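> how does the following fold in three dimensions:
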Amino acid sequence: MKKFLLISFASLIFVSCSMEQTTVNPEGYDGESIFVEFMPCQAGPDYSVENMQEMIGEWRSLLTADELRGAWGYAPASESNAFGNTGWWELNWSSQDAANDAWSQWGSNAEALAWTEKYESVLSCDEEGRNSLDAIFPVESNHFGTLPESGYFYSEFYHCFYNEGSSKDDAVAFLPKYTAEVYANSDGFQGTSFHFGNYFAQLNEDGSHTEEGIDFLWASFTNSEASMVQTTEVFESNMRSILFPQFSEFATCRDDVVDVYHGWTFYNSEQKDFMPDFSSY
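Below is the predicted model:
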């Protein structure tokens with residue numbers, strides 16, 4: 001399991017025009033890659049909405065790293081998730097070096113260690129099992145409607161693999177094509193808060209397959225499960241026939257496992273006073 005996590009992904013409680021000449025809406029994909037860590041977590045015997053509220057509130061008061069862009073938590077929304085009842089804590093950083101420095105400071109912070117011990121029975125996370133990925137998010141999270149004030153979101157993660165002879169470069173090159181189709185079908189996405197991202201495993205960017213792990217995750221996010229159903233219907237009706245043949249040229253995703261999660265925003269560097277409401281979803 002630990003080897004798998006080191007190669008794979010992600011937190012508790014995150015396709016009408018010719019593809020040959022597609023251009024991307026300037027409000028979307030800009031090619032920026034963000035360093036992401038996913039830390040596996042397990043709910044403890046004292047896990048509750050009230051205790052999570054208190055725990056995250058105290059954690060936020062300990063934050064000192066300006067390089068932390070945001071943090072999100074994921075709680076399994078299905079018993080058939082590949083990782084069972086494992087939850088995830090996602091951290092987005094300005095760089096990998098910044099993340100390493102912040103973790104080093106965290107490990108020597110007496111207040112941080114006391115916080116970890118205090119809430120171990122609420123949520124226990126494996127810091128050593130953190131996963132390092134590079135992520136791209138082509139659509140702004142508020143483009144198709146704002147997320148709930150509670151910070152809640154619903155997500156789906158697909159486990160994907162490069163076909164022989166393909167690599168991360170092929171996957172990245174596909175994103176503008178997918179993004180253009182999303183904008184072309186924008187009427188179907190309005191009000192859903194739909195946005196998506198690809199999380200690329202650092203250890204397999206060149207497509208050299210390993211015995212364990214996955215190559216990248218395709219993740220979709222909406223403001224509710226019903227909205228996810230709506231966006232899936234739009235994709236199946238208007239986009240699949242255009243995009244799926246192109247995607248299949250370089251990658252394959254497991255169709256027998258789709259990990260679904262209830263999620264919350266733990267921290268947003270652009271809105272530092274925000275606090276999630278774990279009682280809402």
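
> quick one, helices of this structure?
Along the chain, counting by DSSP state H, helices occupy 2-7, 49-61, 96-107, 110-118, 168-184, 186-189, 225-234, 240-247.

> distance to E37 added to the ones you listed, as a markdown table?
(Each C-beta comes from the backbone N, C-alpha and C, glycine too.) Converted to a markdown table, the helices of the chain look like this (distance: least, CB to CB, whole Å):
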| stretch | distance to E37 |
| --- | --- |
| helix 2-7 | 11 |
| helix 49-61 | 15 |
| helix 96-107 | 6 |
| helix 110-118 | 16 |
| helix 168-184 | 18 |
| helix 186-189 | 29 |
| helix 225-234 | 25 |
| helix 240-247 | 27 |
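
> between these, which gets nearest to D277?
Across the helices of the chain, the minimum distance to D277, taken as CB to CB, is reached by helix 49-61, at 7.8 Å.

> residues in contact with that closest one?
Helix 49-61 has contacts (CB atoms under 8 Å, 6 or more residues apart in numbering) with 13, 73, 115, 118-119, 122-123, 266-267, 275-279.

> hmm, back to that, most packed of the helices of the chain?
Of all those, helix 168-184 has the most neighbours on average by mean count of other CB atoms under 10 Å, namely a mean of 19.

> what helices or strands is it leaning on?
strand 152-162, strand 195-201, helix 240-247 (3 or more CB pairs under 8 Å, 6 or more residues apart in numbering; DSSP states H and E).

> ok so, going back, would a markdown table of the contacts of helix 49-61 with distance to N92 and pLDDT be doable?
Formatted as a markdown table, the contacts of helix 49-61 follow (distance: CB to CB, whole Å; pLDDT from 0 to 100):
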| residue | distance to N92 | pLDDT |
| --- | --- | --- |
| I13 | 17 | 35 |
| G73 | 13 | 97 |
| W115 | 21 | 97 |
| K118 | 25 | 98 |
| Y119 | 22 | 98 |
| V122 | 23 | 98 |
| L123 | 19 | 97 |
| F266 | 11 | 96 |
| Y267 | 10 | 95 |
| M275 | 18 | 93 |
| P276 | 16 | 94 |
| D277 | 21 | 94 |
| F278 | 20 | 91 |
| S279 | 25 | 89 |
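
> which of the residues you listed are buried, as a ChimeraX select command?
Of these, the buried ones can be selected in ChimeraX as follows, counting by 16 or more other CB atoms under 10 Å:
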select :13,73,115,119,122,123,266,267,276,278
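
> looking at the contacts of helix 49-61, which is nearest D66?
Y267 (12.1 Å).

> OK, contacts around the closest one?
R60, L63, L68, G70, A71, F274.

> which residues does it bridge with?
Beta-bridge pairing of Y267 under DSSP bridges involves A71.

> please report how far it lies from S94.
14 Å (CB to CB, to the nearest Å).

> intersection of neighbour lists for those two?
What both Y267 and S94 touch, as defined by CB under 8 Å, 6+ apart, is the set L68.

> chain center to stretch 107-114: distance?
Averaging C-alpha positions (CA atoms, centre = their mean, to the nearest Å) puts stretch 107-114 27 Å from its chain's average.

> CA atoms only: put that stretch into CSV for me.
Extracted as CSV, the C-alpha positions of stretch 107-114 are listed here (Å, rounded to 0.1, in the frame of the first residue of the first chain):
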residue,chain,number,x,y,z
GLY,A,107,8.2,18.7,12.4
SER,A,108,10.1,20.9,14.8
ASN,A,109,7.1,22.9,16.0
ALA,A,110,6.1,22.0,19.5
GLU,A,111,2.6,23.4,19.1
ALA,A,112,2.1,21.4,15.8
LEU,A,113,3.2,18.2,17.5
ALA,A,114,0.8,18.9,20.4
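
> all set, thanks.
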